[in-house]
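Novice: predicted structure and sequence below. I'll ask about it afterward.
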Amino acid sequence: MTTQQIPLLGEALETPITTLLKPLLGAHMPTAGGHHKAILGGTAIGCETVQIFTASPRQWRAPSISPEMAEVFRRTLAESGITKTVAHDSYLINLAAEPGSEVLTKSKAAFRAEIERAESLGVNFLVSHPGAHGGAGEDVGIARLIESLDAIHAETPGMKVRTALETTAGQGTYLGGQFEQLARIIGGVKEPKRLAVCLDTCHVFAAGYDIRTPETYAKTMHLFDEIIGLEWLQVIHANDSQKAFGSHADRHAHIGEGEIGLEAFRCLVNDPRLAGLPIIVETPESETMHEVNVQRLRELIA
Ligand SMILES: [Zn+2]
Ligand SMILES: [Zn+2]
């Protein structure tokens, strides 16, 4: 996708890291009491970016966002100094489900509503799991997903929020565990500019892309660039992993307390290619630990 030469990590780190070259650090914040509460809660614990669910991620039923609610969110955001926000879609959505099935019909309607809610709030990126083929095979699954995305894009013309397809741990029949699959999805849709990629450190590690040392981190990012293209990377999920390398298990751990370790996150937050990108923590015990994990990331910045 790109032949762009990327610097070796050793070279990259010689560049002095100025404020301009830093990523935006933040966390997935609760929206109880209104979507704007995520912004207030985030800034209170030092977030420079936040991720939210715009509706309950475990229910098909999702209330739409009133103009008043959107206005409160936008105003709170404008006053906060936060420049990039991210939404995460419902866990129930599977845009690669069998054509004609109830789950695909529901998924397409729900995903269209996800885009509409994110757009009304002025959210920049909607992180979405690419779905599961359910045994039909990777090729069939990717074709179904592309068809779903094309249909939804056609129904939501001109919307600015970009869907960031998330790398997954590649568990079961889930798509997104291999960079090649994401490249094929982006390359296959009619409106690729509606898409982006979200790299989740826990998921790629569990999927078999090592990032534990400067060398392995550089190699994985080089692969991402060669296969997908770093220009598509717009959101990072920074999570350590409770499960082993290549385990295909999705279990987040606190930064530096899992199988990945601090060194990977040091590489991540000091990588000048990720400057300005939202780096979001999605770890357990969020009420007490989000602040700690964001601070841990900040302390790693050289
Ligand atoms: Zn994630
Ligand atoms: Zn996960």
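Specialist: Yep, that arrived. Ligands and ions are numbered 1, 2, ... in the order given.

Novice: drop to CA atoms for contacts and neighbour counts, all remaining ones
Specialist: Will do.

Novice: for residue 165, helix, strand, or coil?
Specialist: strand (DSSP: H, G, I helix; E, B strand; the rest coil).

Novice: hang on, isn't it packed against residue 129?
Specialist: Yes: the criterion here is Cα atoms under 8 Å, and residue 165 meets it with residue 129 at 5.9 Å.

Novice: what sits in contact with each of the two?
Specialist: Common neighbours of residue 165 and residue 129, counting by Cα atoms under 8 Å, 6 or more residues apart in numbering, are residue 176.

Novice: for residue 157, helix, strand, or coil?
Specialist: coil.

Novice: what is the burial count for it?
Specialist: Residue 157: 9 surrounding residues under other Cα atoms under 10 Å.

Novice: could you report the pLDDT at the nearest residue to residue 265 once chain neighbours are set aside?
Specialist: Closest residue to residue 265 apart from its sequence neighbours, by Cα to Cα, 6 or more residues apart in numbering: residue 297 at 6.9 Å. Confidence at residue 297, expressed as pLDDT, is 98.

Novice: does residue 51 belong to a helix, a strand or coil?
Specialist: strand.

Novice: quick check, pLDDT for it.
Specialist: pLDDT, residue 51: 98.

Novice: same check on residue 47?
Specialist: 98.

Novice: try the one 10 residues further on
Specialist: Looking at residue 57, its pLDDT is 95.

Novice: next one: the closest residue in space to it that isn't next to it in sequence from residue 136, what distance?
Specialist: Distances taken as Cα to Cα, 6+ apart put residue 90 closest to residue 57, at 3.9 Å, once the chain neighbours are dropped. Distance, residue 90 to residue 136, using Cα to Cα, to the nearest Å: 22 Å.

Novice: okay, those two: which has more neighbours?
Specialist: The neighbour comparison of residue 90 against residue 136 (other Cα under 10 Å) goes to residue 90, with 23 against 13.

Novice: what's the helix or strand for that one?
Specialist: Under the criterion DSSP states H and E, no helix or strand holds residue 90.

Novice: give the helix, strand or coil label for the closest residue to residue 96 other than its chain neighbours.
Specialist: Excluding the flanking residues, the one nearest residue 96 by Cα to Cα, 6+ apart is residue 145, at 4.4 Å. Here residue 145 is recorded as helix under three-state DSSP.

Novice: pLDDT at residue 145, what is it?
Specialist: In this prediction, residue 145 has a pLDDT value of 98.

Novice: same question, residue 1
Specialist: So, for residue 1, pLDDT stands at 40.

Novice: then residue 21?
Specialist: On the pLDDT scale, residue 21 gets 79.

Novice: enumerate every residue touching it.
Specialist: 272, 274-276.

Novice: who's in contact with residue 122?
Specialist: 74, 161.

Novice: from residue 234, how far off is it?
Specialist: Counting by Cα to Cα - residue 122 and residue 234 are separated by 16 Å.

Novice: you'd agree residue 46 is up against residue 291?
Specialist: Yes: if you go by Cα under 8 Å, residue 46 and residue 291 touch, sitting 7.1 Å apart.

Novice: strands along this structure, start to end?
Specialist: Under the criterion DSSP state E, the chain contains strands at 24-28, 49-52, 84-88, 125-128, 162-166, 195-200, 233-238, 240-241, 252-253, 278-281.

Novice: got those as TSV, with mean neighbour count columns?
Specialist: Converted to TSV, the strands of the chain look like this (neighbours: other Cα atoms under 10 Å):
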stretch	mean neighbour count
strand 24-28	26
strand 49-52	27
strand 84-88	24
strand 125-128	28
strand 162-166	26
strand 195-200	23
strand 233-238	25
strand 240-241	28
strand 252-253	22
strand 278-281	29
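
Novice: using a markdown table, lay out those strands together with distance to residue 185.
Specialist: Formatted as a markdown table, the strands of the chain follow (distance: least, Cα to Cα, whole Å):
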| stretch | distance to residue 185 |
| --- | --- |
| strand 24-28 | 26 |
| strand 49-52 | 24 |
| strand 84-88 | 19 |
| strand 125-128 | 13 |
| strand 162-166 | 9 |
| strand 195-200 | 9 |
| strand 233-238 | 14 |
| strand 240-241 | 26 |
| strand 252-253 | 26 |
| strand 278-281 | 22 |
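
Novice: how about those, which one is nearest residue 186?
Specialist: Closest to residue 186 of the strands of the chain, according to Cα to Cα: strand 195-200, at 6.9 Å.

Novice: what lies in contact with that closest one?
Specialist: 127, 162-168, 182, 186, 232-239.

Novice: report the angle between the axes of the helix ranked longest in the chain and strand 84-88?
Specialist: In the chain, taking DSSP state H as the definition, the longest helix is helix 102-121. Calculated by axes from the mean of the first three to the mean of the last three Cα atoms, to 10 degrees, helix 102-121 forms an angle of 160 degrees with strand 84-88.
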